[in-house]
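> Build me a model:
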Amino acid sequence: MGIADLKRNLTGQLENLYQKTQALLNAPAPYWQKLSNAQRVYCFALVSLFFYNDHPFVTVCLTVTALLIEFWPLFTRMWHSLAGKAVILLFYAIIANFSLADSASIVNDVTGVSSTHFNYTHNFTLLLELPIWAVVISAIVLLVMQLIIPFYLLLLLGLKLLGLVGLKWQFKNAYPGMTATVRLVLSALVLVHLLMLFGDGKALEQKLGDMKLNLNIAQDETKTISHQQPAGAVAAAEEVPLPSSADKEHDYSMLLQRYQHWVRASVAFFAYNFEADSKSRCEKPETAHSVELNDYELLLLTPDKQQAFGYRFSVIPCKSAVFPLTASPPMSIK
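Just a heads-up that it's a prediction; the model follows:
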């Protein structure tokens, strides 16, 4: 065999290998083209599971996006019917009512008085809380539907055996069985994350008020230890990782706590700068803003960096030309 024959044989083998590689790479193309947009997003969500421990938020966002894409036609179909429109409006009216009550509670928690004295601040808090309530509750309902669908399919099968026909909605996609399994698994995963995020809200509300105090205590203890121990021991103690930082539930609790603190700090800022009066008939410090609760009581809003939300709220007697400074306050504020 000459060099030309050897070269021709090697070229043929390389071309054959190239064709097989191209066929292998193009093999998934027909399957990928059959998938809908929602199914492709589900595929990306499955791939993101390899990085789930470090970036769970990516899997959650991809799953919720795929669910929205898949169920949006059902939502529009319900909206175009009278009964469906009534159910949707009732659902979001319930969300608005809970958001209204929650925002009133936040205003009371920040200012220390009823939210009826802060109408604009109450509305501002509602604007901050309503999108979160709407998105989270809608996502929870959407996820719970995935857990109900298998039982609903069994109900349809039982109705079919009895000769009855129930309400059906079918996704006209390829590979419906595999898609339903992937949807169920990813939905259960996202639902677990939502429960971890909002499962301990009451405890966080109690911790929120003591957050600044605990921070100061921790700083004082650190300073005391640094004075009592040598520098090498302190450095070694700082190098020890905290086990709680690796706990996902702790991370979600910290995320929720930071968001709640940001909302309350924003409410305090809005109440001081936009709703409280800089001038008043009652005597007050120049740097303080005020809200008149009644003829005898005045709520002072004073900037104070030592407070948890950056402002100090205090109720004082109203000292004016009608009620001058006397030895005893009016009977209504004794």
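> Confirm that Leu298 sits in a strand.
Yes. Checked against DSSP: H, G, I helix; E, B strand; the rest coil, Leu298 lies within a strand.
> ok, it - contacts?
Going by C-beta atoms under 8 Å, 6 or more residues apart in numbering, Leu298 touches 280, 282, 284, 290-292, 315-318. C-beta coordinates here come from the backbone N, C-alpha and C atoms, glycine included.
> next SSE after the worst-scoring helix or strand of the chain on mean pLDDT?
Sorting the helices and strands of the chain by mean pLDDT, DSSP states H and E puts helix 231-239 at the bottom, at a mean of 39. On the C-terminal side of helix 231-239, the nearest following helix or strand under DSSP states H and E is helix 248-270.
> what's the following helix or strand past that next one in contact with?
Sequence-wise, the next helix or strand downstream of helix 248-270 (DSSP H and E) is strand 289-292. For strand 289-292, the surrounding residues in contact (C-beta under 8 Å, 6+ apart) are 113, 117-118, 272-273, 275-278, 280-282, 284, 298-302, 318.
> Try it again at 7 Å.
Outside strand 289-292, the residues within contact range by C-beta atoms under 7 Å, 6 or more residues apart in numbering are 117, 272, 276-278, 280, 282, 284, 298-301, 318.
> any chance of those residues in TSV, with pLDDT and distance to Trp133 too?
TSV is the format used below for those (pLDDT from 0 to 100; distance: C-beta to C-beta, whole Å):
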residue	pLDDT	distance to Trp133
His117	91	24
Tyr272	92	26
Ala276	90	27
Asp277	90	31
Ser278	88	33
Ser280	86	35
Cys282	86	37
Lys284	86	36
Leu298	89	34
Leu299	92	28
Leu300	91	32
Leu301	91	27
Cys318	85	37
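> Among the contacts of Leu298, which one lies nearest to Thr59?
Lowest distance from Thr59 to the contacts of Leu298 (C-beta to C-beta) belongs to Val291, with 46.4 Å.
> From Gln260, how far off is that closest one?
Counting by C-beta to C-beta, to the nearest Å, the gap from Val291 to Gln260 is 23 Å.
> Give me the more crowded residue out of those two.
The neighbour count for Val291 versus Gln260, taken as other C-beta atoms under 10 Å, is higher for Val291 (22 against 18).
> avg pLDDT for stretch 58-71?
What stretch 58-71 shows for mean pLDDT is 84.
> Which positions within it qualify as buried?
When neighbours are counted by 16 or more other C-beta atoms under 10 Å, the buried residues of stretch 58-71 are found to be 58-60, 62-67, 69-71.
> Let me see the residues that make contact with it.
Contacting residues not belonging to stretch 58-71 are listed as 37-38, 41-42, 44-45, 48-49, 51-52, 139, 142, 171, 186-187, 189-190, 193 [C-beta under 7 Å, 6+ apart].
> repeat that for 8 Å
Here stretch 58-71 makes contact (C-beta under 8 Å, 6+ apart) with 36-39, 41-42, 44-45, 48-49, 51-52, 139, 142-143, 145-146, 171, 183, 186-187, 189-190, 193.
> how about the helices in the chain?
Remark: helices of the chain, listed N- to C-terminal, are 3-26, 28-34, 37-48, 56-79, 82-111, 119-161, 176-198, 201-209, 211-228, 231-239, 248-270; assignment by DSSP state H.
> and those helices, which one's lowest on average pLDDT?
Per-stretch mean pLDDT for the helices of the chain is lowest at helix 231-239 (a mean of 39).
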